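1. take this sequence and fold it.
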Amino acid sequence: MFARNAVRTLTQTRQFSSSSARGINVTVLGAGGGIGQPLSLLLKLDPHVKNLNLYDIRGAPGVAADVSHIDAASEVKGFAADKLDEALDGAEVIVVPAGVPRKPGMTRDDLFATNASVLRDLATTAARVAPKANLLIITNPVNSLVPIASRVYEKAGVYDPRRIFGVSTLDVVRATRFLAGLTGTDPADTPVTVVGGHSGDTIVPLFSQSPSAKAILGDKEKYEALVHRVQFGGDEVVQAKAGAGSATLSMAYAGAKFANALFRGISGEKGVITPSFVRSNLYEAQGVEYIASNIELGANGVEKIHPIGPITAREEELLQVAITGLKQNIEKGYKFIE
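-> Residues are numbered from 1 along each chain as shown. Sure thing, here's the model as predicted:
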């Protein structure tokens, strides 16, 4: 089903859902793509999902027909390109992996022109049809697209910063997996908080806050290599696929993992904390309105934004580099929408 730690999460989720969780209506925008298809599969398996609507400009009805045969309780429907309003009707959570993937030599920012237009148009409809739904943005570049979506909702008069998320969970998944690989520990027992943004050197893994990383912190060369791998791990996949795409399976897993955390928070589970790129006042004094940090999820989306916490001098340096990059990314999004 999921990887081993995700199986644990689903088992715990099923136990929780049997008592107090409620069924949630979920719409995936971009369900026919490389991320959208496995993401739809994983969401179908999530016991919190009651209705799963799959939309794309092509292929969504076929994906829905396929996924609907899986023996999980949720109902699945597919919607063609001209049925966006119908796909969004009644949605409580909207997950957006729509857009073009990276190819060798491309950065996430290279995707900006196309994906910004895609996200703007989808957000415009979502703000009109399902303004109170939680919007989970997977499409890159997340650092710029979350501000774009926020402006769209502001202009529509329905903006609630607690309900718009940039899904940066893949950075957390990579940091955890890569650290566990070096230390020989179980990833489920090797949590890593990742803050900043979701591209290159805006990604800041806080290994100093993970007890399992003590040995790594004492080896500068190994530590720097680990940080670089987390920041640019997506390049490994792009190069390995040799023009056939970017990280799709791992991104789908990460997207489903974050969605599951949100479902649990919405359903009433307490203490659901995970990093996400959201509107935040943590670094507003430095001109950054959005940043990833640990957030607590609940009925209203973001219930609490946690401070970064104690970090090393090197992590502070990395964070300042991230803040510089985030300023540029956020401004790029604002300029596009304005």
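
2. C-alpha only now, for contacts and for neighbours.
-> Noted.

3. tell me which residues are up against stretch 205-219.
-> 172, 175, 179, 183, 185, 190-195, 222-223, 227, 230, 310-312, 315 (CA atoms under 8 Å, 6 or more residues apart in numbering).

4. pull out the buried members of the residues you listed.
-> 172, 175, 179, 190-195, 223, 227, 230, 315 (16 or more other CA atoms under 10 Å).

5. after the helix-or-strand element of the chain with minimal mean pLDDT comes which helix or strand?
-> Least confident element among the helices and strands of the chain, by mean pLDDT, DSSP states H and E: helix 4-17 (a mean of 42). Of the helices and strands lying after helix 4-17 in sequence (DSSP states H and E), the nearest is strand 24-29.

6. what does that following strand contact?
-> Against strand 24-29 from outside (CA under 8 Å, 6+ apart): 36, 40, 48-56, 87-88, 90-98, 122, 263.

7. show me what the next helix or strand after that strand is packed against.
-> Next helix or strand after strand 24-29 toward the C-terminus (DSSP H and E): helix 36-45. For helix 36-45, the helices and strands in contact under the criterion 3 or more CA pairs under 8 Å, 6 or more residues apart in numbering; DSSP states H and E are strand 24-29, strand 49-55, helix 60-67, helix 249-266.

8. okay if I get those as a markdown table plus distance to residue 323 and mean pLDDT?
-> Formatted as a markdown table, the helices and strands packed on helix 36-45 follow (distance: least, CA to CA, whole Å; pLDDT from 0 to 100):
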| stretch | distance to residue 323 | mean pLDDT |
| --- | --- | --- |
| strand 24-29 | 30 | 98 |
| strand 49-55 | 35 | 98 |
| helix 60-67 | 38 | 98 |
| helix 249-266 | 23 | 98 |
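
9. nearest to residue 201, out of those?
-> Nearest of these to residue 201, taken as CA to CA: helix 249-266 at 18.7 Å.

10. the helix or strand following the closest one: how far from the chain's middle?
-> Sequence order places strand 272-279 as the next helix or strand after helix 249-266, per DSSP H and E. For strand 272-279, the distance from its own C-alpha centre to the chain's C-alpha centre is 9 Å (CA atoms, centre = their mean, to the nearest Å).

11. same check on stretch 217-227?
-> Stretch 217-227 sits 26 Å away from the centroid of its parent chain (CA atoms, centre = their mean).

12. what is the end-to-end distance of stretch 73-93?
-> The straight-line separation of the ends of stretch 73-93 (CA to CA, to the nearest Å) is 18 Å.

13. follow-up on the earlier one: list the ones among the contacts of stretch 205-219 that fall in helices.
-> Judged by DSSP state H, the subset of the contacts of stretch 205-219 located in helices is 172, 175, 179, 183, 222, 223, 227, 230, 315.

14. and the first one, what does it touch?
-> Residue 172 makes contact with 192, 193, 194, 205, 275 under the criterion CA under 8 Å, 6+ apart.

15. looking at the residues you listed, which is nearest residue 74?
-> Nearest member of the contacts of residue 172 to residue 74, counting by CA to CA, is residue 275, at 27.1 Å.

16. how about that closest one: what's its closest non-neighbour residue?
-> Once flanking residues are discounted, residue 275 sits nearest to residue 294: 4.0 Å by CA to CA, 6 or more residues apart in numbering.

17. again with residue 193
-> Per CA to CA, 6+ apart, closest to residue 193 is residue 206, 5.6 Å.

18. can you pull the phi/psi pair for that neighbour?
-> Residue 206 adopts backbone torsions of phi -100, psi 70, taken as degrees, to the nearest 10.

19. 440 is where my numbering starts, stick with that
-> I'll keep to 440 as the first residue from here, and by that count the last item is residue 645.

20. before we move on, back to that, distance to residue 673 and mean neighbour count added to the helices and strands packed on helix 475-484, as a markdown table?
-> Formatted as a markdown table, these follow (distance: least, CA to CA, whole Å; neighbours: other CA atoms under 10 Å):
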| stretch | distance to residue 673 | mean neighbour count |
| --- | --- | --- |
| strand 463-468 | 22 | 26 |
| strand 488-494 | 26 | 25 |
| helix 499-506 | 26 | 21 |
| helix 688-705 | 10 | 23 |
